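Asks: Give me a model of this one.
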Amino acid sequence: MDLGLGGTVALVTGGVRGVGHGISQVLVEAGATVIACARNPREDPIHGVEFAVCDVRDAEQVQALVARIVERHGRLDVLVNNAGGSPYALAAEAGPRFHAKIVELNLLAPLIVAQTANKVMQSQDGGGSIVMVSSVSGHRPSPGTAAYGAAKAGLDNLASSLAIEWAPKVRVNSVAAGLVRTEQAHLHYGDEDGIAAVARTVPLGRLAEPVEIGRCVAFLASPLASYVSGATLVAHGGGERPAFLAATKGSDHGPV
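Replies: Here you go, the predicted structure:
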């Protein structure tokens, strides 16, 4: 299927590893010119993806990057705010600076990048599309990553607010990703047995592949979603089975 992204210019933050790697790959295959930024390059970059060093928490670096993109390619059609993450830390034990850094990376930095991209997109005849990559952690309790979950909830809300402020030129949406099998999955879920055990908690029976999240992002960024703005697309394989089902006796499915 032609997504209508051929000839477009897309910036993917954190676009060299994990989910970002999958997003960059899908956009390149759809015909977009993709610039992936991160603080460090990947040893085996995706063919056809341009890499740029940028700390998205630094407004001056972001502005310089977007300026270089426009100077080189003449436009910026798509922004994917994917950079983010958090180490495990119990809320009561982590200090204020730790929490501030997590919120800065996962909520404030996407706002900085979106503001910068919006200035370019508003001046273009075709406007532009911004997609935030959030998480199911923003839609359910997130013990051990409380600040991260709160920031991702804020990111979904931010997308819906910007969709109103920046319409009709710029569409803004978000993808709330579920459990994804990346090169760092073992850090969160353990060895292969641990990953398999986690996968069994997902109704579809497996973790997502990064390109599957990338396809959701590509759809929202594309003209196929031309009337979709302010929406959150949840990609979680069916979510999580309710805990009461495992405790229910005498029924395979439990009460309705």
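Asks: Which residue lies nearest the spatial centre of the protein?
Replies: Nearest residue to the geometric centre of the chain (Cα atoms, centre = their mean): V133, 2.0 Å.
Asks: residues contacting it?
Replies: Neighbour list for V133: 19-20, 23, 80-82, 84, 174-175, 177, 213, 217 [criterion: Cβ atoms under 8 Å, 6 or more residues apart in numbering]. Quick note: C-beta positions are derived from backbone N, CA and C, even for glycine.
Asks: And it, how far from T248?
Replies: 35 Å (Cβ to Cβ, to the nearest Å).
Asks: A225 now?
Replies: 39 Å.
Asks: Also A92?
Replies: For A92, the distance to T248 - Cβ to Cβ - is 33 Å.
Asks: what mean pLDDT does stretch 48-55 have?
Replies: The average pLDDT within stretch 48-55 is 95.
Asks: That should have said stretch 75-95, apologies.
Replies: On average, stretch 75-95 scores 96.
Asks: mind saving the C-alpha coords of it as CSV?
Replies: Only the C-alpha atoms of stretch 75-95 are listed here, as CSV (Å, rounded to 0.1, in the frame of the first residue of the first chain):
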residue,chain,number,x,y,z
ARG,A,75,11.2,21.4,4.2
LEU,A,76,10.1,19.3,7.1
ASP,A,77,6.9,17.3,6.7
VAL,A,78,6.9,14.8,9.5
LEU,A,79,8.2,14.8,13.1
VAL,A,80,8.2,11.7,15.2
ASN,A,81,9.0,12.4,18.8
ASN,A,82,10.3,9.0,19.9
ALA,A,83,13.3,9.7,22.1
GLY,A,84,12.6,8.8,25.8
GLY,A,85,12.9,6.1,28.4
SER,A,86,13.6,5.5,32.0
PRO,A,87,15.6,3.2,34.3
TYR,A,88,13.8,1.3,37.0
ALA,A,89,13.6,3.3,40.2
LEU,A,90,11.0,3.3,43.0
ALA,A,91,9.5,6.7,43.4
ALA,A,92,10.2,6.9,47.2
GLU,A,93,13.9,6.2,46.7
ALA,A,94,14.6,8.4,43.6
GLY,A,95,15.6,12.0,44.2
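Asks: Nearest spatial neighbour of Q63, chain-adjacent residues omitted?
Replies: T116 (5.6 Å; Cβ to Cβ, 6 or more residues apart in numbering).
Asks: Look through this structure and tell me its longest helix.
Replies: As assigned by DSSP state H, the longest helix anywhere in the chain is helix 146-165.
Asks: Packing partners of it?
Replies: On a contact count with 3 or more Cβ pairs under 8 Å, 6 or more residues apart in numbering; DSSP states H and E, helix 146-165 meets helix 96-103, helix 109-122, strand 128-135, strand 170-177, strand 232-235.
Asks: repeat that for 6 Å
Replies: Secondary-structure packing of helix 146-165 (3 or more Cβ pairs under 6 Å, 6 or more residues apart in numbering; DSSP states H and E): helix 96-103, strand 128-135, strand 170-177.
Asks: Need the residues that contact it.
Replies: Helix 146-165 has contacts (Cβ atoms under 6 Å, 6 or more residues apart in numbering) with 86, 91, 99, 102-103, 106-107, 132, 134-135, 137-138, 142, 172-174, 229-230, 232.
Asks: Tell me the spacing between the residue lying closest to W166 once chain neighbours are set aside and G230.
Replies: Excluding the flanking residues, the one nearest W166 by Cβ to Cβ, 6+ apart is N118, at 5.6 Å. Per Cβ to Cβ, N118 is found 15 Å from G230.
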